[in-house]
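Student: Any chance you could fold what I've pasted below:
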Amino acid sequence: MEPATFLAESIRFLPSRLCNGPVHRTRAALKGLLLSAICGAGLALALPEAACADGGITQLLPPSFVTSSTVPPNGDVNPYGVAFVPQGFPRFGTIAPGDLLVSNFNNQANQQGTGTTIVKIVPNSNPVVFFQGGAGLGLSTALGVLRGGFVLVGNVPTTDGTSATVSAGSLLVLNRNGNLVAQWTPAMAKIDGPWDLTIFDEGNKAKVFVSNVLNGTVVRLDVAVNENGVQIERVTQIASGYPFRGDVAALVVGPTGLAYDPRRDVLYVASTVDNAIFAVFDAGNTRHDGGKGVVIYADHAHLHGPLGLALGPNGDLFTANGDAINPDPKQPSEIVEFTPQGRFVAQLSMDPLQGGAFGLAFSQIRDDVVHFAAVDDNVPNITDWSLHFDDPAR
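Tutor: Alright, predicted model coming up:
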């Protein structure tokens with residue numbers, strides 16, 4: 001039997017003979033079953049209850065990980081966006097390099113599209129409010145941090161928690177103290193329900209890619225960054241045609257997770273309704289709309305309405321299944337790892353019930369350690385794993 005790996009295409013479980021049992025999904029299993037990929041100059045990772053490609057699991061010693069609440073004092077729930085503060089972020093603010101931020105989509109009454117807070121996660125304690133806006137924002141998965149000292153967050157608001165009242169929203173620009181310094185409207189940024197974003201940060205400039213859940217498009221914002229703020233220099237719609245619609249349980253479904261590979265100039269898009277991952281080429285430079293791009297991963301056995309998307313340090317892609325599309329009660333709240341060539345690697349369950357997985361993110365590598373964080377919006381909480389990574393290229 002071929003051994004499997006969770007976070008590295010070229011790394012194998014040790015020992016492979018342990019990967020021979022069925023997956024048993026209980027809350028105890030989430031705490032106790034761990035996957036570890038260790039192979040010389042590679043990535044060492046462990047996560048709860050990870051399934052091998054052949055349906056088994058590996059049980060090894062746990063790594064360092066912390067699960068923390070995401071609920072602020074005002075009671076906001078349904079954590080969506082996840083972002084790490086990058087190295088080089090300015091000092092003398094309320095957040096610092098390495099901090100973990102989470103945006104909340106629902107209010108205390110659990111009405112969708114009404115959450116108003118971004119929290120800084122404090123391990124083994126309650127989160128600290130970094131930003132709290134006005135009523136009914138609905139802060140989405142579109143959360144990112146510029147190392148120039150600013151936080152970007154999208155909002156997709158409703159007035160009553162249903163898709164009947166959902167509106168286009170905006171993108172908010174916050175400074176390092178959590179103060180609002182700009183608001184990019186649909187007319188300014190060609191946004192219509194900013195559902196997720198990813199950033200290619202070059203210091204004094206950046207490319208911000210935003211998925212729009214209310215019109216099925218992706219836009220690229222070329223921005224300038226200085227100590228006074230973030231200015232939009234050019235807006236380009238680079239992709240379109242992804243299906244979108246209202247949903248009784250999920251509020252809205254459409255294009256969601258984005259992950260950008262600057263080496264190949266490829267933007268990966270998680271199209272929830274298509275139940276597939278697309279690649280948009282020349283994404284960082286094109287001046288034209290390339291349509292949906294090319295399907296690179298359409299695995300109905302392991303994809304169940306992909307939402308959040310991230311590019312791992314090993315070059316693999318990671319997506320969180322929201323279970324609104326192609327649900328499978330035997331595979332609830334799964335995070336799936338696959339290669340950019342479309343080969344399934346492994347999966348893990350974030351919650352024994354469906355609909356718990358959404359936002360996820362990797363930190364930058366520092367001192368041979370990379371952090372991986374993912375929310376469980378059923379609970380609601382977030383787990384942050386500290387993973388050893390030896391980069392053979394260094």
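Student: how many other residues sit next to the closest residue to Asp265 other than its chain neighbours?
Tutor: Computed as C-beta to C-beta, 6 or more residues apart in numbering, the closest residue to Asp265 that is not its neighbour in sequence is Gly284, at 4.9 Å. C-beta here means a position set from N, CA and C on the backbone, and glycine is covered the same way. By other C-beta atoms under 10 Å, 19 other residues sit near Gly284.
Student: Going by contacts, tell me the helices and strands next to the particular helix or strand that has Ser140 in it.
Tutor: Assigned by DSSP states H and E, Ser140 belongs to strand 139-146. Counting contacts by 3 or more C-beta pairs under 8 Å, 6 or more residues apart in numbering; DSSP states H and E, strand 139-146 is packed against strand 77-84, strand 100-106, strand 117-120, strand 150-155, strand 194-201, strand 205-212, strand 357-362.
Student: that older thread, touching, the residue nearest to Asp265 and Arg264? I think so.
Tutor: No. With contact taken as C-beta atoms under 8 Å, Gly284 and Arg264 are classed as non-touching, separated by 9.8 Å.
Student: Next one: the residue nearest to Asp265 from Arg263, what distance?
Tutor: In this structure, Gly284 and Arg263 are 11 Å apart, going by C-beta to C-beta, to the nearest Å.
Student: One more: Gly149?
Tutor: 26 Å.
Student: which of these two has more neighbours?
Tutor: Neighbours per residue, other C-beta under 10 Å: of Gly149 and Arg263, the larger number sits with Gly149, 23 against 7.
Student: Identify the residues contacting that one.
Tutor: Listed by C-beta atoms under 8 Å, 6 or more residues apart in numbering, the contact set of Gly149 reads 89-90, 93, 175-176, 227.
Student: With Leu311 instead?
Tutor: 259-261, 268, 317-318, 362.
Student: As JSON lines, these with distance to Glu334 and pLDDT would be great.
Tutor: Putting the contacts of Leu311 into JSON lines (distance: C-beta to C-beta, whole Å; pLDDT from 0 to 100) gives the following:
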{"residue": "Ala259", "distance to Glu334": "17", "pLDDT": "98"}
{"residue": "Tyr260", "distance to Glu334": "23", "pLDDT": "98"}
{"residue": "Asp261", "distance to Glu334": "23", "pLDDT": "98"}
{"residue": "Tyr268", "distance to Glu334": "18", "pLDDT": "98"}
{"residue": "Leu317", "distance to Glu334": "14", "pLDDT": "96"}
{"residue": "Phe318", "distance to Glu334": "11", "pLDDT": "95"}
{"residue": "Phe362", "distance to Glu334": "18", "pLDDT": "96"}
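Student: closest to Ile277 among those?
Tutor: The nearest member of those to Ile277, counting by C-beta to C-beta, is Tyr268 at 5.9 Å.
Student: Tell me where the stretch 201-350 of the chain has strands.
Tutor: Secondary structure of the stretch 201-350 of the chain (DSSP state E, counting those that start in this stretch): strands at 205-212, 217-226, 229-239, 245-247, 251-253, 255-261, 266-271, 276-281, 294-297, 306-311, 317-321, 334-338, 344-349.
Student: Can I get the second one in PDB, CA atoms only?
Tutor: What follows is strand 217-226, C-alpha atoms only, in PDB (Å, rounded to 0.1, in the frame of the first residue of the first chain):
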ATOM      1  CA  THR A 217     -16.700  37.700 -11.100                       C
ATOM      2  CA  VAL A 218     -13.100  38.200  -9.900                       C
ATOM      3  CA  VAL A 219     -11.400  41.600 -10.000                       C
ATOM      4  CA  ARG A 220      -7.800  42.600  -9.500                       C
ATOM      5  CA  LEU A 221      -7.100  45.900  -7.700                       C
ATOM      6  CA  ASP A 222      -3.600  47.300  -8.300                       C
ATOM      7  CA  VAL A 223      -3.000  49.500  -5.300                       C
ATOM      8  CA  ALA A 224      -0.300  51.800  -4.000                       C
ATOM      9  CA  VAL A 225       0.600  51.600  -0.300                       C
ATOM     10  CA  ASN A 226       2.300  54.300   1.800                       C
END
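Student: what helices or strands is it leaning on?
Tutor: Applying 3+ C-beta pairs under 8 Å, 6+ apart, we find strand 217-226 packed against strand 205-212, strand 229-239, strand 255-261.
Student: which of the contacts of Gly149 count as buried?
Tutor: Buried by 16 or more other C-beta atoms under 10 Å: 89, 93, 175-176, out of the contacts of Gly149.
Student: any chance of those residues in CSV, plus distance to His302?
Tutor: Below are those laid out as CSV (distance: C-beta to C-beta, whole Å):
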residue, distance to His302
Phe89, 35
Gly93, 40
Asn175, 40
Arg176, 39
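Student: Point out the most buried one among the helices and strands packed on strand 139-146.
Tutor: A comparison of those by mean neighbour count, using mean count of other C-beta atoms under 10 Å, puts strand 100-106 on top with a mean of 29.
Student: okay, the angle between that one and strand 357-362?
Tutor: Counting by axes from the mean of the first three to the mean of the last three C-alpha atoms, to 10 degrees, strand 100-106 lies at 160 degrees to strand 357-362.
Student: Okay, now the sheet partners of strand 100-106, with direction.
Tutor: Within its sheet, strand 100-106 is paired with strand 77-84 (antiparallel), strand 117-120 (antiparallel), according to DSSP bridges.
Student: and it, average pLDDT?
Tutor: Across strand 100-106, pLDDT averages out at 98.
Student: Let's have the helices and strands packed on strand 139-146 in JSON lines, adding distance to Arg343.
Tutor: Formatted as JSON lines, the helices and strands packed on strand 139-146 follow (distance: least, C-beta to C-beta, whole Å):
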{"stretch": "strand 77-84", "distance to Arg343": "25"}
{"stretch": "strand 100-106", "distance to Arg343": "30"}
{"stretch": "strand 117-120", "distance to Arg343": "35"}
{"stretch": "strand 150-155", "distance to Arg343": "31"}
{"stretch": "strand 194-201", "distance to Arg343": "22"}
{"stretch": "strand 205-212", "distance to Arg343": "24"}
{"stretch": "strand 357-362", "distance to Arg343": "20"}
